[in-house]
Each structure stands twice: as structure tokens, then as C-alpha cells.
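Undergrad: pasting the sequence and the predicted coordinates here, then a few questions.
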Amino acid sequence: MSPAIFDIGYLVSASLFIFGLKRLGHPRTAPQGNQLGAAGMLVAVITTVLLIALGGEGLHGIPWLMTGGVVIGSGIGLLIATRVQMTQMPEMVALLNGLGGAASALVALAEVTGRVQENHMPTSAVELSTVWIAIGLSALVGWSTLTGSLVAMAKLAGGISIFGRWIDTPSWGPPWLNQAKAGLTGAVLFLILLTMIFPTNMFLVWMIVILSCVLGVILVLPIGGADMPVVVSLLNSMSGLAAAFTGFILNNSVLIVAGSLVGASGLILTIIMCKAMNRDLYDVLFKSFGGGGGKQKLTRTKVGSDPDEVAMILEGAQNVIVVPGYGMAVSQCQHAVREFAEILREKYGTEVSYAIHPVAGRMPGHMNVLLAEASVPYEQQIEMDEINSQFATCDAVLVIGANDTTNPVARSGEGPLAGMPILDVEAAPAIIIVKRSLSVGYAGVDNDLFYLDKTMMLFGDGKDQMSALNQALKEA
């Protein structure tokens, strides 16, 4: 079979990745973008397996270990996709980022181990430098992505269970760890240079692996509050870069293309997120240790309202803004929220819109996905910069489980939310907040919004409270 056939297969795969990424740019076309990306990966896998098989002993030479891995991996992926809850999606994304980095790092480790054992070294200094730099960078990015993503997954889940004991993941530490991050990065880069001088020294390789793993942990460990979506996006970019470096090692064009696409798009998204959050990426990564640890203790109380009281406030409202947050994801009340909007429109002709904060939830686009699942029109989902001016002129705001993204303390310039742009909910004439309790949000900061005289608190599960509010509106 002509080698050109395999090149065409990789070209088709790369094209599907590019078109899929383009379709991911809008919520309406995102499902099709996912399908195109999955199809591109399927074409790439089939092409690679056939290339290996037909390059050896024909179809009887298909590497059954590889085939078994594909089957088992596909089964695991299918099981996860059908069982994962929407509230667990951010943790799932973090885990997949880590697995992508680990796959690239393992390929790099296998390649260097095989070269050392077989004494198969590049014949020229240029080839040696190119191969060993690619191997070293793949290891650095891949292993740090794996451990960093595992820490991110634990932090997004609120902790980790070890032998039945729940352990919270801290977001603080001594300031000298900031210097340790830069020191470890420099040390790994120096070791990569040494491997070009001593290419058969496996001790250097294992030191790169160990230091890269430690670097990933301390890079993500102090990240908290609204900075987590930024880090998840960056880890996604890093997993792509690791794949691209592995493509150079294996001389595989589709890996280079796919990895570069993921790396570039993830980095662009990270920059956009930093800009939206008024953050500097260097500060997020290398100046995170040294802040205060732990969550604030509550010292104030607020008397809760009931759905009938809230229904009276909303009677005749002409403009209502809904602010969704992670609490909506936890309680899975997005369908009740859509019903709430439909009742207001049918009964009072109310115009209902949804205020979307860039980091509402635990990852970019989290709220858009939930609302789309409930068939909320995309035209009603308005980004923060556009809707902030409308809070002062609306009749009421309904906040569902959003805490940090509405916390006025962000304007004070202090604490983990300092400088973060927020939704201007406090400008509304009437505020209704659905929340289980007065407990602090992910950043661990109390919210002054809860204690305003114009704020009504509906304490309880989001789905239960929204159902009760909808019933009260129908009977009003």
C-alpha cells in the first residue's frame, strides 16, 4: 500500500480537527464541533494502527496490545461520558487534561528508554539536539500537566478522600515556594541541556520526571477563588503542547497539528480569561503563595424569606435578570429556572435575561452549557460586560447559587477576589438569592450582598426552592 494513503488519512484527520475547533466557537455549533473532533481522532487512530500493521507483517501483524488499549480506553471513555454529572464536568475536564499530558510524557519516556537500551542515538549534533529537546520538553510539560491537573481536580471537588478520610486541598503556603517554582523550572531546563551532553544517562531523565511532577503540584496548589478556570484552561493548553512535542519525537504530523491546535487555542482562551478576570498570568502562576489560608468564619445572620413573599415582589415585574452560578449546577435546577422565566413571560409579559459571568461555575462556559441543556435561547444569555449596565434599571434580580461572581468585596482590592470584575447585582432595586445557607463561596469570602435590606434569601436546595417559587407564581 502506498505511503501516500496514510498521509491522506492524517490530512483528513487534521482537517477534521481544524473544522471541529472552528465549530466550537459558538454554542449552537459546539456539539457538531465535538463530533468532528471525535471523528478526526478516530481517523488518526485507525490510520496509525494500519500504518504500523502494514509496515510489518501485514494485517496479521496488527499490534494487539495497542488494539486492546484502544478498545479498553474507548470503553472507559464511553462509561465516563454517560455517567459523569454536569456538576462534575470541571473535574472531568481537569482529569482529561492530565491524562493527555501523561500520555505524551509516557511516549517520550518510552522513546528515550528505547534509544538508550538499543544505543540508537542520532548521528548528528543537530538531530541530537532536536530530538532530546523535544523529549525533555514533552516530559516537562507532560508530567507537570498530569500532577497539576490531579491537584486541580481535587481542588475543584473540594478535597480528596484517602482511606475514607476527607482531606481539603489547601490554597496557601509559605512565600518561598514562589521562588521554588522558578527554581524548579530552571533546574529541569538545565537537566534537558545535560541530556544532550550525556544522552545515555537515565538518571538525568528520571530527575526530569520527578522535578516536573513536583513543579506541577506547586504550580496549581495555591490557586484558588476565581483563578481556577484560568488554570484549567492553561492545563488544557499544556496537554496540547505536550502532544505537539511528542509529535516531533515520533515524526508524526497529525500529533504536531492536533497538539499545536489545542495548545494555541488553550493559550488564547487563557489570555482571554486573564483579561476578563483582571489577572496577570505570571502572577497567577508564580506569585500565588503567601496569601492567607482558610475560609472566613461567618459572624452575621439573615432571616430567610419564603416563596410567597418573593412571588409578591415579582408580581408585575417587567424586567428580571437571572444570575446563574455553581449552585444551579449542584442542584440541577436549570429546567426549573427556565420554567420560572416562562411563567413570568406568560403571566406578566416579563422580559427575562441571564447574566453570564466569565468564570461562573468551575470552568469557562459552564453556565452556558447548563442553560443550553434546559433549552434557554442563546440570545437571552448575556455576557457580563454587556449586562452590567442593566442591573440598575431592571425590576429584580434572581441569583441562583452564585457567590464569588457577585461579591462586592472584589472591588476592595483585598483578599483572593481582589480586582476581579463582578456582576453589578447590588445595583438592582430588589435582589432574590437562592442558596442553601449563608456559607462562603469557593474563594472562602463572606458576601455583603446577602445582608442588604433589599435582599431576600430563599434558603434551601436550588431545585426545591425554584419549584416552590414557580408554584407560588402560578397561584399569585
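TA: Noted; the coordinates are in hand.
Undergrad: and stretch 258-271, what's buried?
TA: A258, G259, S260, L261, V262, G263, S265, G266, L267, L269, T270 (16 or more other C-beta atoms under 10 Å). C-beta here means a position set from N, CA and C on the backbone, and glycine is covered the same way.
Undergrad: which other residues reach the helix or strand harbouring the third one?
TA: Using DSSP states H and E, the element containing S260 is helix 253-276. Helix 253-276 is touched from outside by 7, 10, 13-14, 17-18, 21, 40-41, 44, 47, 104, 229-230, 233-234, 236-248, 279-281, 284, 358-359, 364, 384, 421, with contacts defined as C-beta atoms under 8 Å, 6 or more residues apart in numbering.
Undergrad: if we use 6 Å, what do you get?
TA: 10, 13-14, 17, 21, 44, 229-230, 233-234, 236-237, 240-241, 243-244, 246-247, 281, 358 (C-beta atoms under 6 Å, 6 or more residues apart in numbering).
Undergrad: quick check on those: which are buried?
TA: 10, 13-14, 17, 21, 44, 229-230, 233-234, 236-237, 240-241, 243-244, 246-247, 281, 358.
Undergrad: burial of A38, as a residue count?
TA: Counted with other C-beta atoms under 10 Å, residues neighbouring A38 total 13.
Undergrad: going forward can the numbers begin at 44, since that is how I track them
TA: In the new numbering, first residue 44, that becomes A81.
Undergrad: what helix or strand is it on?
TA: Per DSSP H and E, A81 falls inside helix 73-97.
Undergrad: elements contacting that helix?
TA: helix 46-66 (3 or more C-beta pairs under 6 Å, 6 or more residues apart in numbering; DSSP states H and E).
Undergrad: how about 8 Å then?
TA: helix 46-66, helix 107-126, helix 296-319 (3 or more C-beta pairs under 8 Å, 6 or more residues apart in numbering; DSSP states H and E).
Undergrad: my guess is P407 is in a helix, correct?
TA: No. Counting by DSSP: H, G, I helix; E, B strand; the rest coil, P407 is not part of a helix but coil.
Undergrad: chain neighbours aside, what residue packs nearest to it?
TA: P272 (5.5 Å; C-beta to C-beta, 6 or more residues apart in numbering).
Undergrad: just want the angle from the helix or strand hosting that neighbour to helix 296-319.
TA: Assigned by DSSP H and E, P272 belongs to helix 271-293. Orientation note: helix 271-293 sits at an angle of 160 degrees relative to helix 296-319 (axes from the mean of the first three to the mean of the last three C-alpha atoms, to 10 degrees).
Undergrad: quick one: low-confidence ranges for the stretch 144-293 of the chain?
TA: 163-166, 169, 201-216, 267-269 (pLDDT under 70).
Undergrad: try it again at 90.
TA: For the stretch 144-293 of the chain, the stretches with pLDDT under 90 are 150-179, 194-225, 238-245, 248, 261-279, 289-293.
Undergrad: tell me which stretches of it form strands.
TA: Ranges of strands in the stretch 144-293 of the chain, per DSSP state E, counting those that start in this stretch, are 203-205, 208-210.
Undergrad: so L460: helix, strand or coil?
TA: Following three-state DSSP, L460 is assigned to coil.
Undergrad: please state the offset of the helix holding P272 from the chain centre?
TA: Relative to the chain's own centre, helix 271-293 is displaced by 13 Å; criterion: C-alpha atoms, centre = their mean, to the nearest Å.
Undergrad: helices or strands up against that helix?
TA: With contacts taken as 3+ C-beta pairs under 8 Å, 6+ apart, helix 271-293 sits against helix 132-161, helix 168-199, helix 296-319, helix 324-329.
Undergrad: now it against helix 168-199, angle please.
TA: 150 degrees.
Undergrad: neighbours around the closest residue to N162 other than its chain neighbours, how many?
TA: Nearest residue to N162 in three dimensions, chain neighbours excluded: T243, at 7.6 Å (C-beta to C-beta, 6+ apart). Here the number of neighbours of T243 (other C-beta under 10 Å) works out to 13.
Undergrad: so T243 makes contact with E161?
TA: No. Taking contacts as C-beta atoms under 8 Å, T243 lies outside contact range of E161: 10.9 Å.
Undergrad: tally up the residues packed near Q375, please.
TA: Here the count is done by other C-beta under 10 Å, and Q375 has 17 residues near it.
Undergrad: quick check: it vs S396, distance?
TA: As for Q375, its distance to S396 is 22 Å (criterion: C-beta to C-beta, to the nearest Å).
Undergrad: what do you get for Q128?
TA: Q128 is 27 Å from S396, by C-beta to C-beta.
Undergrad: quick one, which of these two is more surrounded?
TA: S396 (18 against 11).
Undergrad: chain center to the strand or helix carrying the more buried one, what's the gap?
TA: Element membership for S396 (DSSP H and E) is strand 394-399. Per C-alpha atoms, centre = their mean, the displacement of strand 394-399 from the mean C-alpha position of its chain is 24 Å.
Undergrad: only C-alpha atoms, please: export the very next helix or strand once past it in PDB.
TA: Using DSSP H and E, the helix or strand that directly follows strand 394-399 along the chain is helix 409-416. Extracted in PDB, the C-alpha atoms of helix 409-416 (Å, rounded to 0.1, in the frame of the first residue of the first chain):
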ATOM      1  CA  HIS A 409     -20.200  26.100  32.400                       C
ATOM      2  CA  MET A 410     -23.400  28.200  32.800                       C
ATOM      3  CA  ASN A 411     -24.000  28.400  29.000                       C
ATOM      4  CA  VAL A 412     -23.900  24.600  28.800                       C
ATOM      5  CA  LEU A 413     -26.400  24.200  31.700                       C
ATOM      6  CA  LEU A 414     -28.800  26.700  30.200                       C
ATOM      7  CA  ALA A 415     -28.500  25.200  26.700                       C
ATOM      8  CA  GLU A 416     -29.400  21.800  28.300                       C
END
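Undergrad: now what about helix 409-416, what contacts it?
TA: Helix 409-416 has contacts (C-beta under 8 Å, 6+ apart) with 70, 129, 132-133, 367-369, 371-372, 377, 380-381, 397, 399-400, 403-404, 421, 424.
Undergrad: which parts of that helix are buried?
TA: Quick answer for helix 409-416 (16+ other C-beta under 10 Å): H409, M410, N411, V412, L413, L414, A415.
Undergrad: pLDDT of it, averaged?
TA: Across helix 409-416, pLDDT averages out at 84.
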